[in-house]
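Participant: Whatever this is, show me its structure:
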Amino acid sequence: SMVTTTATVTTTVVPPPVFSPSCQDWTAAPEAVGNCSRLMPKGLIKCYGGMNNLAALASSTKLNRQQPAVEMLLCGWPPDGFNPIRELQKLPRLRSLTIEYSGFTEFKFDFPEMSHLQTINISWTNLSYISSRTFKRVHPLRVLDLRWNQLIQLDGPLILPHNFEQLYLAGNPWNCTRNFKWLLLQPEKGRLVVDRDELICMDRKYKERQMLMVMHYKLELKKQCLLHEDLRNCTCLMHHILPKTHVPLYTVNCSHLQFHRLPAFLPENTTTLAINDNMITDINPLRNNPHYRHVVDMQLENNRVANIDDLEDTYWLQNFRLLNLRGNNLRKLHVYALDNALNENENANLLLLSRNPWHCTCKFGSRLRELLTKYKEIVRDAWNVSCTYMQEDEQLLAKVLSLSRQEMCSVSVENGSHIHPIDWVNGVLASLILLILGKLAYDYYHYKYYGRVPWIVMKMP
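Facilitator: This is a model prediction of the structure:
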């Protein structure tokens, strides 16, 4: 069975940061026509769907003297891109910025230097991209909440001030095929992501898997492949995580690397090995190496495999899913053993046998043709499997499925009428049957009309 050791990822419920202003039901506000309002004495500016009168509010000497604007709430705005340089320079004393339910997808520029801005909350927007440098110059920044947006990836860990404390990233449709390994490789930056246990992958490959678990498996796989000499030049990938058990499934690709033998080691739960275009001759590890027990897909195209009979009656042959043997040196195989294995193997989906120098003797050629006919849905290149079938002409190739038994059982090109010994035996047996039937008819006639019984009956006691 698959190794079911999974990543230990502790899930803790992270309390959300406290942001007093909110855009809930903002469309019902009287200012929801693109205007801002200023609430005293908190120094809060709320803008609904626009900032038409922000300049007037921000420049009001009387208001600024009583209470400068220290909090800003943008609801349903901006509609596309947000220019923090243009919008925030009017509010130099700003300590908190909240943007919710807005349509903007990116920041047109990085945030400018803000001497007092400590908290930024951008949620429920279409924000899909931020640069790692977006908030670099906001030196007082302590809390950054980027939850519930449309962020798919980060170029890398965000460059944040030295005294930064809390980063929130949950609720975004993260693509975990991208590089988020820094969450584990750079602990000092990973710890800043307070809700890292709640980050969920939404890409097709790792949909609804925990990001930390996916990154843990990726790092473990890379570590195993780098530690073993056989695999250092190979490509190791995680292609799936089983839904209920969360067991990772790995693919190892060692194609075009001049391998003379199969790798002695494979990471646990490797299910696919691609080792095409090498010089492999021996496939015995499929029989006796425990690292290959979970390998169900073997890509061995364009190697030098000349014999697969050692796989007869093995667990591997009875459980494989894909075996690609195109372009090898196979001339013969035990057809009955392969037939039994395919008959018992419910997983078998694809077996490729073309571009091998098959030699169709009368017995082997007939059995191979029967096998290809029987398992055409699995041996999908059956019509391309060719063989030599004349002892005196090794260059004469023909498609196995198009050869008749008479052609495969002929021994000479010149003597096309030569009768095979089996046909001689069949002829003799047919003659004896006719002789017996004739004698039976003769005896029956004489007994009926003359009352004479066969002489052998007279001799019987």
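
Participant: Regarding the closest residue to residue 236 other than its chain neighbours, what is its secondary structure?
Facilitator: Nearest non-adjacent residue to residue 236, counting by C-beta to C-beta, 6 or more residues apart in numbering: residue 225, 4.0 Å away. All C-beta atoms are positioned from the backbone trio N, CA, C, and that covers glycine. Per DSSP: H, G, I helix; E, B strand; the rest coil, the secondary structure class of residue 225 is helix.

Participant: For residue 225, give me its contacts.
Facilitator: 231, 232, 234, 236, 252, 267 (C-beta atoms under 8 Å, 6 or more residues apart in numbering).

Participant: From those, which shows the smallest pLDDT?
Facilitator: Lowest pLDDT within the contacts of residue 225 is found at residue 232 (91).

Participant: residue contacts, that residue?
Facilitator: Contacts of residue 232 by C-beta under 8 Å, 6+ apart are 225, 226.

Participant: got the phi/psi numbers for it?
Facilitator: Main-chain torsions, residue 232, degrees, to the nearest 10: phi -60, psi -30.

Participant: begin at 710 from here
Facilitator: With 710 as the first residue, the last one maps to residue 941.

Participant: And it, how close does it get to residue 1012?
Facilitator: Distance from residue 941 to residue 1012, counting by C-beta to C-beta, to the nearest Å: 20 Å.

Participant: ok, now residue 933?
Facilitator: 24 Å.

Participant: Please identify which of the two sits among more neighbours.
Facilitator: A direct count of neighbours by other C-beta atoms under 10 Å for residue 933 and residue 1012 places residue 1012 higher, at 24 against 18.

Participant: Quick check, that one in contact with residue 989.
Facilitator: Yes. Contact status for residue 1012 versus residue 989: in contact at 4.1 Å, counting by C-beta atoms under 8 Å.

Participant: wait, residue 849 sits on residue 871?
Facilitator: No. With contact defined as C-beta under 8 Å, residue 849 does not count as touching residue 871 (10.8 Å).

Participant: Between these two, which is the more surrounded one?
Facilitator: For residue 849 versus residue 871, neighbours defined as other C-beta under 10 Å are more numerous around residue 849 (15 against 5).

Participant: Which residue, other than its chain neighbours, is closest to that one?
Facilitator: Residue 849 sits nearest to residue 827 (C-beta to C-beta, 6+ apart), 5.1 Å away.

Participant: just checking, that neighbour touches residue 805?
Facilitator: Yes. Under the criterion of C-beta under 8 Å, residue 827 makes contact with residue 805 at 6.9 Å.

Participant: Heading C-terminal from the lowest-mean-pLDDT helix or strand in the chain, find the next helix or strand.
Facilitator: Least confident helix or strand of the chain, by mean pLDDT, DSSP states H and E, is helix 770-775 with a mean of 54. Counting by DSSP states H and E, the next helix or strand C-terminal to helix 770-775 is strand 780-784.

Participant: Please state the offset of that following strand from the chain centre?
Facilitator: The chain centre lies 44 Å from the centre of strand 780-784; the measure is C-alpha atoms, centre = their mean, to the nearest Å.

Participant: One more: stretch 831-845?
Facilitator: Worked out by C-alpha atoms, centre = their mean, stretch 831-845 lies 30 Å from the chain centre.

Participant: who's in contact with that stretch?
Facilitator: 732, 807-816, 819-820, 829, 850, 853-861, 863-869, 880.

Participant: Give me the phi and psi for the residue sitting nearest the centre point of the chain.
Facilitator: For the chain, the residue sitting closest to the mean C-alpha position, by C-alpha atoms, centre = their mean, is residue 948 at 3.3 Å. Phi and psi for residue 948, reported as degrees, to the nearest 10, are phi -100, psi -10.

Participant: same question, residue 909
Facilitator: phi -120, psi 140.

Participant: Surely it and residue 884 touch.
Facilitator: No. Counting by C-beta under 8 Å, residue 909 stays clear of residue 884, with 11.4 Å between them.

Participant: For the closest residue to the residue nearest to the centre of the chain other than its chain neighbours, which three-state class applies?
Facilitator: Distances taken as C-beta to C-beta, 6+ apart place residue 960 nearest to residue 948, at 4.9 Å, with adjacent residues excluded. With three-state DSSP as the basis, residue 960 sits in strand.

Participant: quick one, what contacts residue 960?
Facilitator: Contacts of residue 960 by C-beta under 8 Å, 6+ apart are 945, 946, 947, 948, 979, 980, 981, 982, 983.

Participant: What strand or helix carries the third one?
Facilitator: Counting by DSSP H and E, the secondary-structure element that holds residue 947 is strand 944-950.

Participant: elements contacting that strand?
Facilitator: helix 920-936, strand 957-962 (3 or more C-beta pairs under 8 Å, 6 or more residues apart in numbering; DSSP states H and E).

Participant: The ones you listed: which one's closest to residue 764?
Facilitator: helix 920-936 (42.3 Å; C-beta to C-beta).

Participant: Report the inter-axis angle for that closest one versus strand 944-950.
Facilitator: Counting by axes from the mean of the first three to the mean of the last three C-alpha atoms, to 10 degrees, helix 920-936 lies at 150 degrees to strand 944-950.

Participant: Rounded mean pLDDT for helix 920-936, please.
Facilitator: Averaging pLDDT along helix 920-936 yields 95.

Participant: Just the CA trace of that helix, in PDB.
Facilitator: Provided in PDB are the C-alpha atoms of helix 920-936 (Å, rounded to 0.1, in the frame of the first residue of the first chain):
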ATOM      1  CA  MET A 920      -0.600  25.100   0.700                       C
ATOM      2  CA  LEU A 921       1.800  24.300   3.500                       C
ATOM      3  CA  MET A 922       1.300  20.600   2.900                       C
ATOM      4  CA  VAL A 923       1.900  20.900  -0.800                       C
ATOM      5  CA  MET A 924       5.100  22.900  -0.300                       C
ATOM      6  CA  HIS A 925       6.300  20.400   2.400                       C
ATOM      7  CA  TYR A 926       5.900  17.500  -0.100                       C
ATOM      8  CA  LYS A 927       7.700  19.400  -2.800                       C
ATOM      9  CA  LEU A 928      10.700  20.100  -0.500                       C
ATOM     10  CA  GLU A 929      10.800  16.500   0.700                       C
ATOM     11  CA  LEU A 930      10.800  15.200  -2.900                       C
ATOM     12  CA  LYS A 931      13.600  17.700  -3.900                       C
ATOM     13  CA  LYS A 932      15.600  16.600  -0.900                       C
ATOM     14  CA  GLN A 933      15.300  12.900  -1.700                       C
ATOM     15  CA  CYS A 934      16.200  13.300  -5.400                       C
ATOM     16  CA  LEU A 935      19.300  15.500  -4.600                       C
ATOM     17  CA  LEU A 936      20.600  13.100  -1.900                       C
END
